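Novice: please find the sequence and the predicted model below.
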Amino acid sequence: MLSTASADFRRNEAHNRALVAAFREKQDKARHARPQRDLDRLASQGKLRPRERIEKLIDPGTPFLELSSLAANMAYGGESPSASSIVGIGVVSGRETIVRADDPSVKGGAWYPLTTKKIVRALDIAIENRLPVVHLCDSAGGFLPLQSQLFPDKYVGGRIFRNQSILSKMGVKQLSLVFGHCTAGGAYIPALSDYNVIVRGTGAVFLGGPPLVKAATGEESTVEELGGADMHTSVSGVCDYPAASEEEAILIGREIVAQWERPRKWDIQREAPEAPAYEPQELYGIIPDDIKKQFDMREVIARIVDGSRFHEYQPNYGTTLVCGFANIWGYKVGILANNGVLFNDSSLKGGHFIELCNQNNTPLVFLQNITGYMIGRDYERRGITKDGAKMIMAQSCSRVPKFTVMCNGSFGAGNYGMCGRAFDARFLFAWPNHQIGVMGGDQAANTLVEVKANQMRRAGEPIDAATLERVRTETLAAYQEQTSAYYSTSELWDDGLIDPIDTRNALAVAISASLNAPLGEAGYGVFRF
């Protein structure tokens, strides 16, 4: 029985509140801390800051769920906060919309490799959930010193324009508001949008700016002659509407979105929303201060779901995996939550429960705290690999939307069965305490020490304790950095870190957005019996 007065609870609470405070500080810095000269430059050009643009774009009093706010926080020496872009889900003229904004206060809005990855992910979300997109364009183009990581591969620059084309083919609308330069490949964003608005005097769209044109052809041109608002809206037809100011461009954009047909969402089971009966703030005391400590995920569920009501499925079977039905902001969901390592029975239970949710058109929520599938001779003889594969098959081929929250550890193939990044969760969020890796740091260090010792034995060398300790220390240090939540979110392995007490709201926005896309077709591959 959980006691909120216990020493363990109080210690956990202090630990997690400190983690969240550090997260909030990092997030605030990524969102707002910019060199004054860059802010002065925007002001001198009559430009709004990107977050001011978003605030004016979305409907007053409606939420904006920002995604990947700490992308690139451990990359490029900190030069690209939020990967130089802002992405989120907001309501524009009554329609749920992906809003994507370049950040011209960071090197003129130049795209770093992780910027392109973030934009591609935003458009993947739009495709998966049939969400219209508003692009707020103001970019100097690709960050040329890193061009080899921006241009040639499948999921970088070109994928942005491929995804835009696919969205248009699907009938999912896109609008570009051109506040600044759209240079080189960036010119295709407004060109591939169904509608676009360009601000006179600051907006420009061209494949090559004046310096490049002169270098390549010897021709001398001004920005306005090459790609300004008047030329593109009266001569080339590249742009649709000129605007005298950013504020006017946003108003025109809102009017455009207001003309779009409203999507018909599929009919999920829904009841009147109800707050949890247990206080969400208590999550801070439930999550342990050590990744190795176990806790009951039912306590987490009780502080996320409506009325804290949870209909648990097979409560006495496969007890290391908790499965059951609940509501989140009224939406019916099926929840799978880890209470330990996945054994044969818990793997089979999970696979079967996923099938039931697909039969019942019930979205799936995965709450991860997993060390992996159980290993060892006895479990291999019982077919743990085969049973784990059944769970992975059922989850991979699921037709209902899936949502994942990294609540604590995520290690080994358990990450796969519980709908890790590779398995197309519509949205995947993580808590600041989260750690992820092929195995834990201690296990990796012990494994590599044993491998090194065996190498010494085979070579006939004496076992050198100092060398083994160096291997252990270096491995632990690398794992400490690379398994952290900040590294994970920096690399966009998730859709953003969130405060645990915001989980319920984040899931509600995500579930609502997912209902714009029709359900997929039912069907599975071959289960190995």
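Specialist: Looks like it arrived, so ask away.
Novice: which residues of the stretch 351-500 of the chain score low on pLDDT?
Specialist: For the stretch 351-500 of the chain, the stretches with pLDDT under 70 are 439.
Novice: next one: the closest residue to L468 other than its chain neighbours from Q455, what distance?
Specialist: With CB to CB, 6 or more residues apart in numbering as the criterion, L468 has its nearest non-adjacent residue at 5.0 Å, and that residue is V449. C-betas here are computed from N, CA, C, even on glycine. Here V449 is placed at a distance of 11 Å from Q455 (CB to CB, to the nearest Å).
Novice: same drill for these two, tell me which one is more crowded.
Specialist: Applying other CB atoms under 10 Å to V449 and Q455 shows that V449 carries more neighbours, namely 17 against 10.
Novice: residue contacts, P263?
Specialist: 95, 130, 516 (CB atoms under 8 Å, 6 or more residues apart in numbering).
Novice: mind checking pLDDT for it?
Specialist: P263 is assigned a predicted lDDT (pLDDT) of 88.
Novice: before we move on, what about the one 4 residues further on?
Specialist: What the model reports as pLDDT for D267 is 93.
Novice: okay, now it: neighbour count?
Specialist: 8.
Novice: just say helix, strand or coil for it.
Specialist: coil (DSSP: H, G, I helix; E, B strand; the rest coil).
Novice: gap between it and I125?
Specialist: For D267 relative to I125 (CB to CB), the value is 22 Å.
Novice: tell me the SS of E312?
Specialist: Relying on three-state DSSP, one would call E312 strand.
Novice: returning to that earlier point: buried members of the contacts of P263 into ChimeraX, please.
Specialist: Filtering the contacts of P263 down to the buried ones (16 or more other CB atoms under 10 Å) takes a single ChimeraX command:
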select :95,130,516
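Novice: which ones among the contacts of P263 map onto strands?
Specialist: Counting by DSSP state E, the part of the contacts of P263 found in strands is R95.
Novice: what is the neighbour count of K169?
Specialist: 8.
Novice: if I look at K173, what pLDDT would I see?
Specialist: Predicted confidence (pLDDT) for K173: 98.
Novice: test my guess that it contacts D194.
Specialist: Yes: K173 lies in contact with D194 (CB atoms under 8 Å); the separation is 5.3 Å.
Novice: who has more neighbours, those two?
Specialist: Between K173 and D194, counted using other CB under 10 Å, the more crowded position is K173 (22 against 18).
Novice: how near is the more buried one to G157?
Specialist: 23 Å.
Novice: same check on D502?
Specialist: Taking CB to CB, one finds D502 at 32 Å from G157.
Novice: so which of the two has more stuff around it?
Specialist: G157 (26 against 14).
Novice: low-confidence stretches in the stretch 51-200 of the chain?
Specialist: In the stretch 51-200 of the chain, no residues with pLDDT under 70.
Novice: in it, which spans are strands?
Specialist: All strands of the stretch 51-200 of the chain, identified by DSSP state E, counting those that start in this stretch, fall at 65-67, 85-92, 95-102, 133-139, 174-183, 195-199.
Novice: now do the stretch 401-529 of the chain
Specialist: 402-411, 427-430, 435-437.
Novice: and the shortest one, how far out from the chain middle?
Specialist: This points to strand 435-437. 16 Å (CA atoms, centre = their mean, to the nearest Å).
Novice: against which helices or strands is that strand packed?
Specialist: For strand 435-437, the elements it packs on are strand 402-411, judged by 3 or more CB pairs under 8 Å, 6 or more residues apart in numbering; DSSP states H and E.
Novice: so the nearest residue to D289 once chain neighbours are set aside: helix, strand or coil?
Specialist: Residue nearest to D289 in three dimensions, not counting chain neighbours: H15, with 3.8 Å by CB to CB, 6+ apart. Following three-state DSSP, H15 is assigned to helix.
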